[in-house]
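>>> Generate coordinates for the sequence data below:
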Amino acid sequence: MILSKNLWLGKEKNTAQLLPRMAAKHGFIAGPDSSKLLSVQIIAESFSSIGVPVFLADVSGDLSGLCEPGIPVESTIARLQTTGLNNGGSFSFPVEFWDIWGKEGSPLRTTVTDIGPLLLSHMLGLTNAQTGTLYTVFKIADEQGLLLLDLKDLKAMLRYIEQDTDALAVEYELISKRSVRAVQKELAVLEHLEIDSFFGEPALDILDLLRIDQQGQGFINILTAQTLARYPHLYSMIVLWLLAEIYEMLPQAGNDDKPQLIFIFNKADLLFRYATTELLSKIEHILRPLSTKGTGVFFVTSNPLRIPDNILGKLKNKIIHALPVYTTSEQKTARQTAEIFRPNPEIDFINTLPGLQKDEALVSFLDNRGHPSKTKKIQFRPPQSRPGPASEQRKHRIVRESALNRKYTALTDRNSAHERLHNYFKYKNTIQQHKPIDQSEAKHSNKRQQSDTAIDKILKSAATSVGRHLGQTLARGLLETLRKKDN
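Numbers count the residues shown, from 1 in each chain. Here you go, the predicted structure:
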């Protein structure tokens, strides 16, 4: 809700407002699930109201109610009066549902190339040696001009390298049959998730997340993530890929009075629990550039201390709901949490924290000068949309009528590594079938050289068909770019 061009979230002694232009300095929301959901819903509503699109992952299914108006009841009317507004109204907000499986929303899709080896190795849970092998697989594909668009392409590349490991190992030292087979095994484990639909074309155009409706409200993009969150490596890979795409594709924001996009990362614990040191370093490096692109990232977690210190220090807008302080360990956590917030002599942080109600929080937002405000205790206003899940009928209607659903549902399958290497495998099998049984070693060597020459021609032909505009190196996304700079 808007109040004097600021976002009205609730009230303490004075109205608690989040300055839109400071939202790109990122933030966190911590506490019990029910309280966090309330904060996320109100923040999403508030930014949508001022024409700022929002992307959030719904890991519980309780945020889809944003697409339906709330139903006023006696308790919410009383809260409206308590928090400073006599008539907040009930509204629905423009919502676009996304789903990597394409079942409960528009298909969210990208290519293997755009994901890149770093995030892909994170998703597969590879060792350092196996990750090195995957980097080499991508390098060979680049140099041979073989597009990696879907999982069929990646599998074909792994098969090609496995069969020709001895020859390739002369130039690429990290390649071994053992490591290639290990990557193939981990890739096979993921097949039961049926995530093939996530890789391919048409890939997501990140600008489709930045839509504004005819009333000037920003679309709230909801990623259906109830199933996705059960697989932490996959979930966090998708979130990080989106952040990298946002950085690459969005123009510099300058000093706008509001952000271009708000990105709310639910269950952030899953990312930090399983991320490698290298990946955490990339997350830290990406946050500041995202601010210059006018994108604010809010990490949602049960405990802010689960966010690594080097990342936590970059999150300037802070919301924390009730945390228990009964045990010695919990009291220690409360003291450490208090150190994250700017002190307020009027608030006993540690003793106030456990007594907060579901709709109450301790907050500290950046002021006009970019300084953290003193910690305040506020009561959040009630949401204007429906708390909890929307009706299935409403959700299905939104998905069915979505122009983006029509845009992304139909798959395209260009000639890429799978199709090109199919010719290679076919030719190689033909050579093997017609090879004389009683040939001498010298003749065998000569035949092999002739075969290799023919295979080289096939691969060169594939490279030509890709198109000169792609060159010899395919884009890997921001995370890969940062990796090269760091090295």
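>>> what comes into contact with stretch 402-417?
96-97, 102, 105-109, 141, 146-150, 153-154, 156-157, 200-202, 204, 208, 399, 465 (Cβ atoms under 8 Å, 6 or more residues apart in numbering). No exception for glycine: its C-beta is placed from N, CA and C like everyone else's.
>>> Which ones among those residues lie within helices?
Ala141, Asp153, Leu154, Ala156, Met157, Val399, Ser465 (DSSP state H).
>>> From these, list the buried ones, please.
Applying 16 or more other Cβ atoms under 10 Å to those, the neighbour count classes Ala141, Asp153, Leu154, Ala156, Met157, Val399 as buried.
>>> Same list (those) but as a markdown table, adding pLDDT and distance to Pro259.
Shown next, in a markdown table, are these (pLDDT from 0 to 100; distance: Cβ to Cβ, whole Å):
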| residue | pLDDT | distance to Pro259 |
| --- | --- | --- |
| Ala141 | 94 | 36 |
| Asp153 | 96 | 36 |
| Leu154 | 96 | 35 |
| Ala156 | 94 | 42 |
| Met157 | 94 | 39 |
| Val399 | 96 | 27 |
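>>> Closest to Gly10 out of these?
Val399 (32.5 Å; Cβ to Cβ).
>>> show me the contacts for that closest one.
Here Val399 is in contact with Phe97, Glu104, Gly105, Ser106, Asn405 (Cβ under 8 Å, 6+ apart).
>>> can you check Leu108 too?
Leu108 neighbours (Cβ under 8 Å, 6+ apart): Trp98, Asp99, Ile100, Gly102, Phe198, Leu204, Leu223, Ile238, Tyr408.
>>> distance of it from Gly102?
8 Å (Cβ to Cβ, to the nearest Å).
>>> Rebuild the contacts of Leu108 as TSV, extending it with neighbour count, pLDDT and distance to Ile246.
Shown next, in TSV, are these (neighbours: other Cβ atoms under 10 Å; pLDDT from 0 to 100; distance: Cβ to Cβ, whole Å):
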residue	neighbour count	pLDDT	distance to Ile246
Trp98	28	98	14
Asp99	21	97	19
Ile100	24	95	17
Gly102	18	93	21
Phe198	25	94	18
Leu204	21	97	11
Leu223	24	97	14
Ile238	23	93	13
Tyr408	22	96	18
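>>> what's the farthest-apart pair in those?
Ile238 and Tyr408 (15.0 Å).
>>> one step back: just the ones in strands from the contacts of Leu108, please.
Trp98, Asp99, Leu223 (DSSP state E).
>>> Does the last one touch Glu96 like I think?
Translated: Leu223. No - counting by Cβ atoms under 8 Å, Leu223 sits too far from Glu96 to count as a contact (9.8 Å).
>>> intersection of neighbour lists for those two?
Gly105.
>>> For Lys377, see how far away Arg342 is.
13 Å.
>>> neighbour count winner among the two?
Lys377 (20 against 12; other Cβ atoms under 10 Å).
>>> Let me know the secondary structure of the more buried one.
Assigned by DSSP: H, G, I helix; E, B strand; the rest coil, the conformation of Lys377 is strand.
>>> Looks like His122 contacts Glu278 (just checking).
No - using Cβ under 8 Å, His122 is not in contact with Glu278; the gap is 9.1 Å.
>>> neighbour-wise, which of the two wins?
Using other Cβ under 10 Å as the criterion, His122 and Glu278 rank with His122 on top: 24 against 16.
>>> Now do the SS call for that one.
His122 - assigned by three-state DSSP - is helix.
>>> contacting residues around it?
Applying Cβ under 8 Å, 6+ apart, the residues contacting His122 are His233, Ser236, Met237, Leu240, Tyr274, Ala275, Thr276, Leu279.
>>> Doesn't the first one belong to a helix?
So the one you mean is His233. Yes - the assignment for His233 by three-state DSSP puts it in a helix.
>>> That one contacts Gly125, doesn't it?
Yes - using Cβ under 8 Å, His233 is in contact with Gly125, at 5.7 Å.
>>> list the residues that contact both of the two?
Tyr274.
>>> more neighbours, the two?
Using other Cβ under 10 Å as the criterion, His233 and Gly125 rank with His233 on top: 18 against 14.
>>> Report the contact partners of the more buried one.
His122, Met123, Leu124, Gly125, Tyr274.
>>> so how far is Met237 from the first one?
This points to His122. Distance from His122 to Met237, by Cβ to Cβ: 6 Å.
>>> Next one, pLDDT for the residue nearest to Gly355 when sequence neighbours are not counted please.
Leaving aside its sequence neighbours, Gly355 sits nearest to Ala322 (Cβ to Cβ, 6 or more residues apart in numbering; 7.2 Å). On pLDDT, Ala322 comes in at 96.
>>> tell me the contacts of Ala322?
Gly31, Pro32, Ser35, Leu353, Pro354, Gly355, Leu356, Gln357, Lys358, Glu360.
>>> circling back: output the ones in strands among the contacts of Leu108 as TSV; include the columns distance to Arg335.
Supplementary listing: these in TSV, determined by distance: Cβ to Cβ, whole Å:
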residue	distance to Arg335
Trp98	40
Asp99	42
Leu223	35
